[in-house]
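**Q** okay, predicted coordinates and the sequence, questions at the end:
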Amino acid sequence: MTFISSISNTLLCISDDFVGHDKPGRSFPITDYALNNGITLRDDSIMVQPPPNSWYHAELAANFWPHFPVILEHEHYGSSLERNAWDKDLWLQSVEDYHASYMSIHWWPRVLLNENLAAINKINRRLGYRICIKEVSWPASIKTGSSFKIKTTLKNAGAAPCYPGGYITFTIKDDKQGIVSTHTNDTFNVIDLQPASAGEEKVKTIITHLSIAPEFKENFHRNVKPGEYDLYISIGKLDATPTIQLPHDEKDDNKRYKLGKINLLPR
């Protein structure tokens with residue numbers, strides 16, 4: 001079988017049914033071929049049958065989810081209810097077992113939402129990746145031109161890896177939201193934050209070394225004036241461009257999240 005895409009940036013997927021809708025196993029020629037060619041897995045058979053046959057291919061997904069986002073789709077909600085196959089806790093468990101990044105729904109959206117709101121809220125907190133900043137500590141005041149450290153503790157609270165990855169950047173802004181300086185830690189990529197099992201927590205502590213120079217010499221001369229500034233955190237490219245939305249409040253228009261104040265003292 002040949003897979004063809006005219007859009008180079010499109011992630012293709014293969015249905016688990018190609019190996020047999022209820023055939024157990026982790027490795028099959030057709031899905032091995034798909035995996036080796038950058039094609040992910042989709043399982044459209046969640047809760048078609050009552051427990052214990054709610055799904056069959058979480059083991060197969062174990063080959064895919066460390067590398068590509070896995071897609072799930074549940075049975076028609078009404079049909080699943082009729083055959084006693086629908087279970088809200090199992091719906092969430094399917095996300096955990098497959099380390100899923102996407103969930104397609106099969107029913108009238110408003111009906112499904114109204115009757116499963118609590119389960120949907122739980123799924124939304126586990127589906128895909130969810131980079132959370134647990135704690136950040138920094139000195140309240142520093143002398144301009146001196147070196148200092150920022151300690152950051154973060155985690156991936158989602159069920160899947162952060163496939164796009166990204167680097168921690170700290171941005172210092174003045175009272176007009178002008179950027180004074182940016183500082184990116186290139187020693188750690190959040191793609192390496194492995195997802196924890198439900199109810200567990202895997203945290204990572206990163207130390208970022210910073211130095212705010214008093215001036216840029218030659219053609220880039222500019223003074224950094226003493227005073228109180230705002231400190232922001234973001235995750236994104238090595239050039240300090242934020243790319244990842246974080247589940248935190250008080251952000252600017254560019255995915256930077258305010259941590260607090262920092263006072264720059266004269267050198």
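**A** Good, I have the coordinates.

**Q** so which elements touch the top helix by length along the chain?
**A** If you go by DSSP state H, the chain has its longest helix at helix 88-98. Counting contacts by 3 or more CB pairs under 8 Å, 6 or more residues apart in numbering; DSSP states H and E, helix 88-98 packs against strand 40-46, helix 58-61, strand 70-74, helix 117-124. Backbone N, C-alpha and C define where each C-beta goes, glycine included.

**Q** now those as JSON lines including mean neighbour count, distance to residue 160 and mean pLDDT?
**A** As requested, the helices and strands packed on helix 88-98 are exported to JSON lines (neighbours: other CB atoms under 10 Å; distance: least, CB to CB, whole Å; pLDDT from 0 to 100):
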{"stretch": "strand 40-46", "mean neighbour count": "22", "distance to residue 160": "11", "mean pLDDT": "95"}
{"stretch": "helix 58-61", "mean neighbour count": "20", "distance to residue 160": "10", "mean pLDDT": "97"}
{"stretch": "strand 70-74", "mean neighbour count": "23", "distance to residue 160": "7", "mean pLDDT": "98"}
{"stretch": "helix 117-124", "mean neighbour count": "14", "distance to residue 160": "12", "mean pLDDT": "97"}
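
**Q** next one: stretch 37-53 to chain centre, how far?
**A** In terms of CA atoms, centre = their mean, to the nearest Å, the gap separating the centre of stretch 37-53 from the centre of its chain is 22 Å.

**Q** start and end of it, how far apart?
**A** Stretch 37-53 has its terminal residues 30 Å apart, counting by CA to CA, to the nearest Å.

**Q** can you pull the contacts of residue 87?
**A** By CB atoms under 8 Å, 6 or more residues apart in numbering, the residues touching residue 87 are 47, 51, 54.

**Q** which one of the residues you listed is nearest residue 201?
**A** Nearest to residue 201, judged by CB to CB, of the contacts of residue 87 is residue 54 at 26.8 Å.

**Q** let me know the helix or strand that that closest one is in.
**A** Here residue 54 sits in a region with no helix or strand, counting by DSSP states H and E.

**Q** find me the pLDDT at it, would you?
**A** pLDDT, residue 54: 97.

**Q** quick check: phi and psi on it?
**A** Note on residue 54: backbone dihedrals following degrees, to the nearest 10 are phi -70, psi -30.

**Q** got the contact list for it?
**A** Shown in contact with residue 54 (CB under 8 Å, 6+ apart): 46-47, 85, 87, 90, 94.

**Q** can you pick out the most distant pair from those?
**A** Taking CB to CB as the measure, these have their most distant pair in 85 and 94, spaced 12.0 Å apart.
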